[in-house]
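**Student:** coordinates only, no sequence provided:
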């Protein structure tokens with residue numbers, strides 16, 4: 001299982017459009033959390049995918065299905081331990 005954080009920048013969006021996007025993302029399979037945020041990004045989304053290939057397909061689909069999304073930066077989570085064990 002792969003866990004990733006998606007930092008999303010939207011095209012010029014009204015607060016209502018951003019709210020609709022967040023609600024849509026929350027209903028998407030594999031999305032664990034989706035929140036609007038202030039700062040450089042407009043939204044942060046936590047996703048779980050079976051593997052790296054599934055993650056790439058998910059990110060591509062999210063982008064294609066939501067034309068309001070301008071850019072998605074993907075950060076894959078690690079356990080923080082070189083051996084893969086959770087500390």
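**Tutor:** Okay, I see it. Note that the coordinates shown come from a computational prediction; the quantities given were computed from them, not determined experimentally.

**Student:** pull the contacting residues for residue 28.
**Tutor:** 34, 62 (Cβ atoms under 8 Å, 6 or more residues apart in numbering). Yep, even glycine has a C-beta here, placed from its N, CA and C like the rest.

**Student:** name the SS class of it, please.
**Tutor:** Secondary structure, DSSP: H, G, I helix; E, B strand; the rest coil: residue 28 is coil.

**Student:** so what pLDDT did it get?
**Tutor:** Per-residue confidence (pLDDT) for residue 28: 96.

**Student:** what separation do you get for it and residue 61?
**Tutor:** As judged by Cβ to Cβ, to the nearest Å, residue 28 and residue 61 stand 8 Å apart.

**Student:** ok, now residue 19?
**Tutor:** Taking Cβ to Cβ, one finds residue 19 at 21 Å from residue 61.

**Student:** ok, residue 31 next?
**Tutor:** Counting by Cβ to Cβ - residue 31 and residue 61 are separated by 11 Å.

**Student:** now do residue 30
**Tutor:** Applying Cβ to Cβ to residue 30 and residue 61 gives a distance of 10 Å.

**Student:** out of these two, which sits in the busier spot?
**Tutor:** residue 30 (18 against 13; other Cβ atoms under 10 Å).
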